[in-house]
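> When you get a sec, could you give me coordinates for this:
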Amino acid sequence: MSKIYLLFTVLLFASCSSDSPNPTTPIETTYFPPLTSDVWETKSVADLGWKQSAVQPLLDFLELKNSKGFIILVNGKIVMENYFNGHTATTPWYWASAGKTLTATLTGIAQQEGLININNKVSDYIGTGWTNMPLAKENLITNKHLLSMTSGIEEIANGDDVTPAKLTYKADAGTRWAYHNVYVKLQDVIASASGDTWSKYFNTKLRDKIGMTGTWLQVDNNSVYYSNTRSMARFGLLIQNKGKWENTTILNETFYNEATTTSQNINLSYGYLWWINGESSYHLPQSQLQFKGSLIPTAPNDMFMALGKNDQKIYVIPSKKMVVIRMGDVANPANPTFALSGFDEELWSKISALYQ
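Presented below is the predicted three-dimensional model:
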């Protein structure tokens, strides 16, 4: 047998070995629901090889914990969709602070359109005097500081009022992390730079492009988004697909990567208005304490999250091509929170039981 023939035989055998991908096995592409239809393809728990026995304990827990809407997507297809306590698929509900991530996404879109630069001063777009700080300190604050919660502005007692009189100096921008509603000034920045109202720019550049429904409402001096549960899931799917809806780039991948990873060196578990799981430490809203460990130990380490008051949740898990949505009333009324709560860890122990 010639050496050339022997080499060919070895290579052929290697290409057909069980360790090589089967060329006849198709790679499942991400599914996107139609923009103007409620039709949404599904995939069953059995199709995924998950445990049917873990479904009912999860549903019982969700209902017990005052949930209203719950969806799990895998590769864009609905695996679970359930409604509780009088809620329906068409009922709008508030996103609370989970909607911060909508503002982060629009900030990225405005930057890729050349309207703003996140490294520029906020006052470049909305003028000086938007705070009650000395001008030199106000001019330290960039759009990126608002995205990363490092503006240095003193926390507000009632949390929502961002009129200039309430925005006072605590520390130089970039030196302190504090959960603060002042991020909404980014909506003013975008409106000024685009020449549109915030809601019109949002609808044109994001909502309508991915088939969401919903509207922004003013609630106690705060701009809050309301939508049905599937619209929240559509947004989660866009982000799980790194800012692309099918073949259309809504948000570029560079900004996506910045937004969903650590944005500063103070709170490692915070990106651009997204919470990051799997880091070595974290801070919580209304606290300057640093806690060791991952935010949600029962959840995948690569997960990142939009978290809102009274347990509004968008969980995105890239490694599993998975999005989980929870809307509802506060899960533990005796211990209400602004974002993260013990409910997250309990919920993920139930969700992970499906596939572990």
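> surely Y94 meets V219?
Yes - between Y94 and V219 a contact is recorded at 7.4 Å, counting by Cβ atoms under 8 Å. C-beta: built from backbone N, CA, C; applies to glycine.
> more crowded one of these two?
Y94 (19 against 12; other Cβ atoms under 10 Å).
> on that earlier part again, need the residues touching each of Y94 and V219.
Counting by Cβ atoms under 8 Å, 6 or more residues apart in numbering, Y94 and V219 have no contacts in common.
> Return the helix or strand in this protein with minimum mean pLDDT.
Scoring the helices and strands of the chain by mean pLDDT, DSSP states H and E places helix 3-15 at the bottom, with a mean of 39.
> Which parts of the stretch 251-356 of the chain are strands?
Taking DSSP state E, counting those that start in this stretch, the strands of the stretch 251-356 of the chain run over residues 275-276, 281-282, 291-292, 304-308, 312-317, 322-328.
> Which of those strands sits closest to T175?
strand 281-282 (17.4 Å; Cβ to Cβ).
> Just list what the closest one packs against, helices and strands only.
Where contact means 3 or more Cβ pairs under 8 Å, 6 or more residues apart in numbering; DSSP states H and E, strand 281-282 is packed against strand 291-292.
> How far does the strand it packs on sit from its chain's centre?
22 Å (Cα atoms, centre = their mean, to the nearest Å).
> pretty sure G342 contacts N332?
Yes - in this structure G342 lies within contact range of N332 using Cβ under 8 Å: 6.7 Å.
> Pull the number of nearby residues for Q218.
8.
> got the contact list for the residue nearest the centre of the chain?
Here the mean C-alpha position of the chain is nearest to the C-alpha of A306 (Cα atoms, centre = their mean), at a distance of 3.8 Å. A306 is in contact with 95, 97-101, 273-275, 312-314, counting by Cβ under 8 Å, 6+ apart.
> if you set the cut-off to 6 Å instead, what comes out?
98, 101, 314 (Cβ atoms under 6 Å, 6 or more residues apart in numbering).
> for the closest residue to L73 other than its chain neighbours, what are its contacts?
Excluding the flanking residues, the one nearest L73 by Cβ to Cβ, 6 or more residues apart in numbering is V323, at 4.3 Å. For V323, the contact set (Cβ under 6 Å, 6+ apart) comprises 73, 236-237, 240, 316.
> Strands of the stretch 51-200 of the chain, residue ranges please.
Using DSSP E, counting those that start in this stretch, the strands of the stretch 51-200 of the chain run over 67-74, 77-83, 93-94.
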